[in-house]
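Undergrad: kindly generate the corresponding structure for this input.
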Amino acid sequence: MAARRNVLETMEDCELIKRYRLNREGIKLVVELVRDAITSPTNGNNPISPEIKCLATLRYLATGKMQLCNADDLGISQPSVSRAINQTINVLFRPHIIQQFIRFPLDIQHLHRIKANFMAIAGMPGVVGVIDGTHIKIIAPSIDEDVFVNRKKVHSINTQVVFDANFNMLDVVAKWPGATHDSRILMESGLRQHFERHHVPVGCHFLGDSGYPCKTWLLTPYLNPQPGAKLTYNIPQTYTKCCGERNWADETSVFMSSTAKFASPQRGQAQSLYAILHNLCKRRNIPQPEDDDDDEEDDDGDQHDDEFGRVEPSGLAFRDHFVNTHFSELAPAAGVRGEPVGAPRGRVGRGRAGRGRAVTGCAAGRGRAVRGGAAGRGRAGRGRARRGRRGRAV
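TA: Model (predicted):
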């Protein structure tokens with residue numbers, strides 16, 4: 001057998017990131033997290049070092065590479081790679097390690113920072129997270145195969161994720177088969193208990209799509225709203241949610257994509273490990289290589305089922321009150337031309353309107369500015385509209 005190779009000593013950071021999704025310092029941090037638990041108790045029979053075990057595990061998690069190829073790269077046997085992966089994953093999955101990287105914050109100062117970051121996107125107040133369900137493909141299991149088939153006829157694990165405005169994962173639930181509806185996962189999660197037992201302060205809420213029930217702590221969009229406050233609310237609600245989902249999917253695909261290569265739904269725990277690695281990369285500002293493989297499927301826009309997604313009158317009433325409080329003064333009169341017709345196309349700013357700009361309180365589309373701005377496709381000025389453009393200053 002070839003001599004064992006510790007690539008930490010021979011590869012540059014850019015090469016490590018391509019192969020392991022972490023740089024040298026990130027890999028060393030993972031090693032220190034599990035070193036005591038995976039170090040061989042004796043020095044007999046030339047034991048495999050914790051560094052080699054972690055490298056084998058990270059390579060498998062990052063790429064799904066065949067264990068035999070992994071063994072050849074590191075100079076150990078394929079059975080040793082298999083044992084190292086199982087041992088390291090079991091240790092990383094321990095609650096005290098997961099909670100170091102994935103925990104929904106309950107302290108007021110942290111929640112205020114999250115709300116401020118979301119507010120800066122498109123003017124949605126009180127948002128402490130975006131919740132979404134994503135289907136991670138798996139190989140068809142041999143037991144209870146039918147419950148893992150989602151509505152797109154693909155075998156998957158339905159994973160619930162909550163993330164903040166900086167795309168850090170705040171909560172991950174990765175144990176439900178693909179046929180399970182998003183709303184059921186939420187109703188049986190610990191997050192629901194946090195809100196309904198008032199562990200989360202009043203005035204904090206999630207944003208979700210129409211597949212979730214509307215609640216006092218979960219704001220969903222109106223279906224087919226007429227021009228007015230409801231439409232004005234829908235634009236930043238949808239833009240904030242979709243902007244976060246799109247960027248989150250792009251940033252996490254480098255880890256999530258290899259889940260499709262796992263043969264068993266019990267490997268859903270690996271998705272929690274991907275969340276750990278993702279948040280570690282965010283904390284350390286580790287850049288990620290581009291990955292064209294996209295094995296995630298969103299189920300946006302599903303109608304909630306009768307048993308778990310029942311619309312609560314209190315949730316609908318709260319949403320109406322929220323809209324009347326924050327968006328009624330920003331809404332244009334019904335029938336006025338130049339109303340926003342969609343989410344902004346570009347970056348978000350304050351005090352400027354036009355194509356792709358969002359302004360304080362709501363998002364501005366083509367032909368409308370907010371709070372005294374100019375309307376149309378060009379720049380906005382305070383209290384005037386550009387000549388020759390169709391629009392209205394509000």
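
Undergrad: contacts and neighbour counts: CA atoms only from here.
TA: Fine.

Undergrad: how about the residue located most distally from the centre of the chain, secondary structure?
TA: No residue in the chain sits farther from the centre than Gly44, which is 44.8 Å out by CA atoms, centre = their mean. Secondary structure, DSSP: H, G, I helix; E, B strand; the rest coil: Gly44 is coil.

Undergrad: against Ala37, how distant is it?
TA: Separation of Gly44 from Ala37 (CA to CA, to the nearest Å): 17 Å.

Undergrad: then Ile97?
TA: In terms of CA to CA, Ile97 sits 12 Å off from Ala37.

Undergrad: with Lys230 instead?
TA: Lys230 is 55 Å from Ala37, by CA to CA.

Undergrad: between these two, which one's more packed in?
TA: Higher neighbour count among Lys230 and Ala37: Lys230, with 21 against 15, using other CA atoms under 10 Å.

Undergrad: verify the assumption that that one is located in a strand.
TA: No: per three-state DSSP, Lys230 lies outside any strand segment and is helix.

Undergrad: tell me the confidence at it?
TA: If you check Lys230, the pLDDT there is 94.

Undergrad: and the residue lying closest to Phe104 once chain neighbours are set aside, what helix or strand is that in?
TA: Excluding its sequence neighbours, the residue lying closest to Phe104 (CA to CA, 6 or more residues apart in numbering) is Leu170, at 4.8 Å. Using DSSP states H and E, the element containing Leu170 is strand 169-177.

Undergrad: contacts for that strand, please.
TA: 102-105, 129, 147-149, 156-164, 185, 189, 265-266, 268-269, 271-272, 275, 278-279 (CA atoms under 8 Å, 6 or more residues apart in numbering).

Undergrad: now that strand: average pLDDT?
TA: The average pLDDT within strand 169-177 is 90.

Undergrad: all strands for the stretch 101-250 of the chain, in order.
TA: Secondary structure of the stretch 101-250 of the chain (DSSP state E, counting those that start in this stretch): strands at 127-137, 156-163, 169-177, 205-207, 218-219.

Undergrad: for Arg83, which of those strands is the nearest?
TA: Nearest to Arg83 among the strands of the stretch 101-250 of the chain is strand 169-177; the distance by CA to CA comes to 23.1 Å.

Undergrad: what are the pairing partners of the closest one, and which direction each?
TA: Paired with strand 169-177 in the same sheet, following DSSP bridges, are strand 156-163 (antiparallel).

Undergrad: if we can go back for a sec, how much does the strand holding Leu170 deviate in direction from strand 127-137?
TA: Per axes from the mean of the first three to the mean of the last three CA atoms, to 10 degrees, the angle that strand 169-177 makes with strand 127-137 is 40 degrees.
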